[in-house]
Each structure stands twice: as structure tokens, then as C-alpha cells.
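**Q** okay, sequence plus prediction incoming.
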Amino acid sequence: MFSVLVAARNEAENLPNLLTDLAKQSLQASDYEVIVIDDNSVDATAKLVLQAVAASPLTLRLIRLADQPNTPTGKKAALQAGLEAAQAPWVICTDADCRVGPNWLSSYAEVVAHAPEVRFVSGPVLLTGPESGWHSLTGVEFAGLVGVGAASIGAGAPTMCNGANLAYRRDAFAAVQGFAGNEHVPSGDDEFLLHKLHAAYPGSVRFLKNPDAIVTTAAPPTLAAFLAQRVRWASKWQHYQAAAPQRLAVLVLLANVALLMGLVLAIARPTLWPWVAVAWVLKLGSDAWFMQPVLQFFDRQRWLWWLLPLQVAYAPYALAVGLLGLRGGYSWKGRSVT
């Protein structure tokens with residue numbers, strides 16, 4: 001039923017946890033295979049997978065990009081190699097540094113079995129880490145992205161998803177020529193495909209609103225790591241072909257910059273304070289209204305209190321990340337991307 005693809009680069013520390021989780025799935029082992037694609041790791045990732053192949057009850061395979069001459073590097077190249085080896089009609093993707101629950105695959109199986117028209121499924125992702133202000137701030141921001149992605153899918157205008165938790169039909173991937181047209185963009189193996197499949201098959205995209213489907217991944221430990229991740233994500237915005245995600249990105253940026261400018265103008269002209277206060281109350285109130293069910297789904301209602309400090313920081317953060325993303329150039333997993 002499923003081919004689980006895991007693109008991995010230098011993940012010897014994290015990958016054993018994911019492989020253990022995949023071996024404990026409630027779905028019968030005969031209903032899925034796991035393919036790990038080693039993207040030219042310089043650590044023991046490949047050796048670790050080979051050891052697991054010998055001991056695992058799963059149908060587990062290793063593909064090494066280094067063994068395939070003239071093969072490009074990067075996540076898209078890794079996933080493409082995995083797709084060519086996959087045998088199931090459905091592909092499910094996650095990242096090597098993620099954790100999944102025992103009913104993860106079963107939750108996808110329910111959707112596939114009861115909705116034959118579906119060709120792409122986006123799943124929920126939750127940031128984990130030690131309880132701290134930093135973790136709460138990044139956690140609520142990330143949960144907001146997941147919520148917006150789910151809402152846009154429900155509204156019939158998909159904008160975003162996360163490659164750490166998604167699934168699609170192999171034949172649909174082939175029909176839209178997969179990653180063709182954006183191979184040169186290092187990021188976007190998830191959202192470009194989402195937009196392509198929605199355009200080719202309207203109404204075929206679903207969000208998997210099931211707690212069993214939640215994939216967890218560690219939050220960036222430092223501000224530098226967080227910004228590097230967000231710049232990598234932002235670098236793909238200028239390559240969007242679909243209008244909905246472009247309009248949403250501009251709307252979010254302008255709304256948050258306007259709130260910040262309102263504070264600056266109110267300091268210069270105190271008569272503006274009532275209007276600025278109303279704008280902030282409306283924005284924070286609408287954010288809280290939207291985020292409450294999202295955080296309830298993730299059992300993180302306590303993060304709701306972090307919307308105010310997030311709002312204060314969001315305008316300069318969004319401006320900086322957006323500009324750096326347009327400029328391009330960042331380092332990721334030991335590679336410099338220009």
C-alpha cells in the first residue's frame with residue numbers, strides 16, 4: 001500500500017529513532033516498505049541503515065546517491081531516486097530527524113481507503129523540545145503555519161504543507177512530471193508538488209486532521225538555526241507559480257508591518273493611539289480565535305499566551321527572512337546553497 005521515503009544526509013544520530021518507530025506501526029508490515037535514500041552523507045548514516053536492514057522485520061532498503069553516477073545531490077534528487085525504486089501506489093514522505101506514532105501509517109490508510117479521488121495528503125507536524133520561552137515562541141509560530149496550510153486546503157486553495165509529513169500517489173506524481181520545472185530550487189519538494197497536483201486535479205488534496213498522524217520534530221535550538229531554516233523556506237517563494245501562496249505571503253507581511261508602523265506613528269502622534277490599539281486588539285483577537293483550535297488539536301493550549309510576543313517580533317522577523325530569501329544563499333547540512 002505505501003512506500004515510505006526518507007531522504008537522509010548526516011542523520012546517523014536521529015535515524016535509528018525513526019526506524020524504530022516505523023518498525024512499531026500498527027499497519028501490517030506486509031502493507032508498507034521503507035526506503036532510505038542516503039544523500040552523500042559523510043557520517044555513518046549508510047552503515048547504520050545497512051545494519052538495520054539485516055535486523056529489521058520491515059521491508060527496508062537503502063539507496064546511496066553516491067553509488068549512482070551523474071546523479072545530482074539534494075533532497076529532490078534523493079526523493080526522485082526513492083520514487084524510481086518504490087513499488088507501492090502511494091508514497092509517504094518524512095524526514096530522518098522526525099518521530100512518528102504507531103498509528104501514523106494506519107491514519108493515512110483510512111484516507112486512502114475511503115477517498116479514491118484523493119491524490120495528495122498533507123499531515124500535521126509538531127515542534128518538540130525542552131519547555132522554554134524559545135520553544136513556545138517557535139512552536140506557536142510553526143503551529144500557525146500548519147493551521148494556515150490546513151485551512152487553505154479546506155478552502156480549496158492550498159498554499160503550504162510540510163515535507164516531513166505528506167503523501168501522494170505515484171501515478172499522479174508522474175502525471176504532473178514531479179519536480180520538473182523547479183529542480184534548480186533546493187527547497188520546495190513539498191509545496192511545488194502540492195500546487196502542481198491541485199492545478200491538475202482540483203479537489204484531490206486533503207489535510208489529515210487526525211492526532212495519530214502527527215509527526216514530531218525537534219525545534220531549531222538557536223536563533224541562528226531558526227533563521228537559517230526560515231531563509232531556506234523563504235527562498236522558494238519567488239518561484240511559486242500558483243497565485244494563492246504569493247498573495248497570502250504578501251498579505252501576512254503587509255499586515256504585520258502595518259501594525260509595527262502603527263506603533264511608531266503613534267509615538268510621534270499620540271492622537272493615533274486609540275486607532276492603533278483597536279488594530280492590535282483586532283489582530284491579536286483574530287489570531288487567538290484561529291489558533292485556539294489548532295493548539296487544542298496539538299494539545300498545546302498553553303502556547304496561546306505567546307501570541308503577543310510573537311506579534312511584536314513578527315514584522316522585523318518576516319521582513320528580514322523575506323529579504324534574505326529573495327537574495328538567496330544559505331548553508332544547510334554542510335552544503336552552501338547559492
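**A** Arrived safely, thanks for sending.
**Q** ok, which stretches of the stretch 101-250 of the chain are helices?
**A** All helices of the stretch 101-250 of the chain, identified by DSSP state H, counting those that start in this stretch, fall at 104-114, 133-154, 170-175, 191-200, 223-234, 243-268.
**Q** between the ones you listed, which gets nearest to A320?
**A** helix 223-234 (7.6 Å; C-beta to C-beta). C-betas here are computed from N, CA, C, even on glycine.
**Q** what strand or helix carries V281?
**A** helix 273-297 (DSSP states H and E).
**Q** which elements pack onto that helix?
**A** With contacts taken as 3 or more C-beta pairs under 8 Å, 6 or more residues apart in numbering; DSSP states H and E, helix 273-297 sits against helix 133-154, helix 243-268, helix 307-327.
**Q** on that earlier part again, need the winner for burial among the helices of the stretch 101-250 of the chain.
**A** helix 191-200 (a mean of 21; mean count of other C-beta atoms under 10 Å).
**Q** turn the helices and strands packed on helix 273-297 into JSON lines, columns for distance to A66 and mean pLDDT.
**A** Below are the helices and strands packed on helix 273-297 laid out as JSON lines (distance: least, C-beta to C-beta, whole Å; pLDDT from 0 to 100):
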{"stretch": "helix 133-154", "distance to A66": "33", "mean pLDDT": "95"}
{"stretch": "helix 243-268", "distance to A66": "34", "mean pLDDT": "85"}
{"stretch": "helix 307-327", "distance to A66": "30", "mean pLDDT": "84"}
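**Q** can you tell which of those helices is closest to V34?
**A** Across the helices and strands packed on helix 273-297, closest to V34 is helix 133-154 (C-beta to C-beta), at 24.5 Å.
**Q** which residues are contacting the closest one?
**A** Outside helix 133-154, the residues within contact range by C-beta atoms under 8 Å, 6 or more residues apart in numbering are 122, 124-127, 129, 158-162, 205-207, 209, 219-220, 223, 226, 244, 248, 287, 290-291, 294-295, 298, 300, 302-304, 306-307, 309-310, 313-314.
**Q** PyMOL command for the buried members of those?
**A** Selection of the buried residues among the contacts of helix 133-154 in PyMOL, burial being defined by 16 or more other C-beta atoms under 10 Å:
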select buried, resi 122+124+125+126+127+129+158+159+160+161+162+205+206+207+219+220+226+244+287+291+294+295+298+300+303+304+306+307+310+314
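**Q** report the mean per-residue pLDDT for stretch 44-51.
**A** For stretch 44-51, mean pLDDT is 94.
**Q** my bad, stretch 94-105
**A** 97.
**Q** what does it contact?
**A** Residues from elsewhere that reach stretch 94-105, judged by C-beta under 8 Å, 6+ apart: 2, 4, 6-9, 11, 14-15, 17-18, 21-22, 24-27, 31-32, 36, 45, 92, 125, 128, 163-165, 212-218.
**Q** compute the first-to-last residue distance for it.
**A** Across stretch 94-105, the terminal residues are separated by 11 Å (C-alpha to C-alpha, to the nearest Å).
**Q** for that stretch, which residues meet the burial criterion?
**A** T94, D95, A96, D97, C98, R99, V100, G101, N103, W104, L105.
**Q** C-terminal to the helix or strand hosting A78, what's the next element?
**A** Assigned by DSSP H and E, A78 falls within helix 75-85. Using DSSP H and E, the helix or strand that follows helix 75-85 towards the C-terminus is strand 90-95.
**Q** of the helices of the stretch 101-250 of the chain, which is nearest R61?
**A** helix 170-175 (15.9 Å).
**Q** packing partners of that closest one?
**A** With contacts defined as 3+ C-beta pairs under 8 Å, 6+ apart, the packing partners of helix 170-175 are strand 90-95, helix 191-200.
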